[in-house]
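J.: sequence first, predicted coordinates after that:
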Amino acid sequence: MGPAHALAFLVGLLSAVHCLGMCTGVVGALSYSLPATMRQRPRRLVTMVLAFNLGRIGSYTLAGALWGSLGVILLLTGAHPWFFGTMRWVAAMIMVGIGLHVAGWFPRFALIERVGGPLWARLEPLGRRLLPVRTLPRAMLLGMIWGWLPCGLVYSMLLSTPVHTGILASALYMGCFGAGTLPTLAAAGVFAGRLYRVGQDRRFQAVAGVGVILLALMTLLFEI
């Protein structure tokens, strides 16, 4: 673990507003897909929500490994260093756009999330077949499908993974990012969307958005 992985974790923490805005509906649907007897037992509900999120983070980690393998292939084929530098700048600029979007100053940035639309159109029906969720393995599998939901923030993090060459390092990078999002989305799952109002607070949006922008600039300043 190095500075890049700590940064990925911080980005995940500060992406709370984006996560609440994009995933609250999904989290609520997952929670309400559980039998009423599970929802009424706090310990059981927390366990299932954690299973959903572990599956989601597992998908982020897998995506990081797959994308990181591209960096290894490019190195083996003699890619020039400028390519990785360009990727780092592109990832940072996308992250700045996300910060502006989170702060409410650049709503059109959400259009970038349409890139993953075709893949999600194929995966979403598979998720429906897993409902209602009654077991932990089923919850984790549904969470793994949820992990491929189109998200500009995830895309920007993925773009930076080839910079940290190595499949394991890239997988860990995305895993750290996913771990940073865990507190917000786990809480949203347990409270079944009641945190949505917090995410709509303009002051909270602005602070979180500026935080993401500062972290994006740090990736360029310290070349991590």
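T.: It's in.

J.: could you point out which element follows the longest helix seen in the chain?
T.: Determined from DSSP state H, the single longest helix within the chain is helix 42-76. The first helix or strand that comes after helix 42-76 along the chain, using DSSP states H and E, is helix 81-102.

J.: all strands for the chain, in order.
T.: For the chain, no strands turn up when DSSP state E is the criterion.

J.: tell me what the longest helix of the chain is packed against?
T.: In this structure, helix 42-76 packs against helix 16-32, helix 36-39, helix 81-102, helix 136-146, helix 152-160, helix 167-190, with contacts taken as 3 or more C-beta pairs under 8 Å, 6 or more residues apart in numbering; DSSP states H and E. Glycine gets a C-beta too; all of them are placed from N, C-alpha and C.

J.: winner for burial among those helices?
T.: Each of these was scored by mean neighbour count; the highest is helix 152-160, a mean of 24, by mean count of other C-beta atoms under 10 Å.

J.: contact partners of it?
T.: The list of residues contacting helix 152-160 from outside it, by C-beta atoms under 8 Å, 6 or more residues apart in numbering, reads 4, 8, 11, 15, 18, 60, 63-64, 67, 87-88, 90-92, 94-95, 97-98, 101, 109-110, 112-113, 115-116, 173-174, 177, 219.

J.: neighbours of residue 121, just the number please.
T.: Number of residues near residue 121 (other C-beta atoms under 10 Å) recorded here: 10.

J.: residue 214 now?
T.: Residue neighbour count, defined by other C-beta under 10 Å, stands at 14 for residue 214.

J.: got the contact list for it?
T.: Shown in contact with residue 214 (C-beta under 8 Å, 6+ apart): residue 99.

J.: geometric centre of this protein: which residue is closest?
T.: The residue at the geometric middle of the chain, judged as the C-alpha nearest the mean C-alpha position with C-alpha atoms, centre = their mean, is residue 154 (4.7 Å).

J.: gap between residue 138 and residue 132?
T.: With the distance defined as C-beta to C-beta, to the nearest Å, residue 138 ends up 9 Å from residue 132.

J.: from what I can see residue 103 touches residue 210, true?
T.: Yes. Residue 103 is within contact range of residue 210, at 6.4 Å (criterion: C-beta atoms under 8 Å).

J.: quick one, which of those two is more surrounded?
T.: For residue 103 versus residue 210, the count of surrounding residues by other C-beta under 10 Å is larger for residue 103: 20 against 16.

J.: let me know the pLDDT of the nearest residue to that one once chain neighbours are set aside.
T.: Sequence neighbours aside, residue 209 is the residue nearest to residue 103 in space, at 2.6 Å (criterion: C-beta to C-beta, 6 or more residues apart in numbering). According to the per-residue confidence, residue 209 scores 81 in pLDDT.

J.: between helix 136-146 and the longest helix of the chain, find me the angle.
T.: On the basis of axes from the mean of the first three to the mean of the last three C-alpha atoms, to 10 degrees, helix 42-76 is oriented at 50 degrees to helix 136-146.
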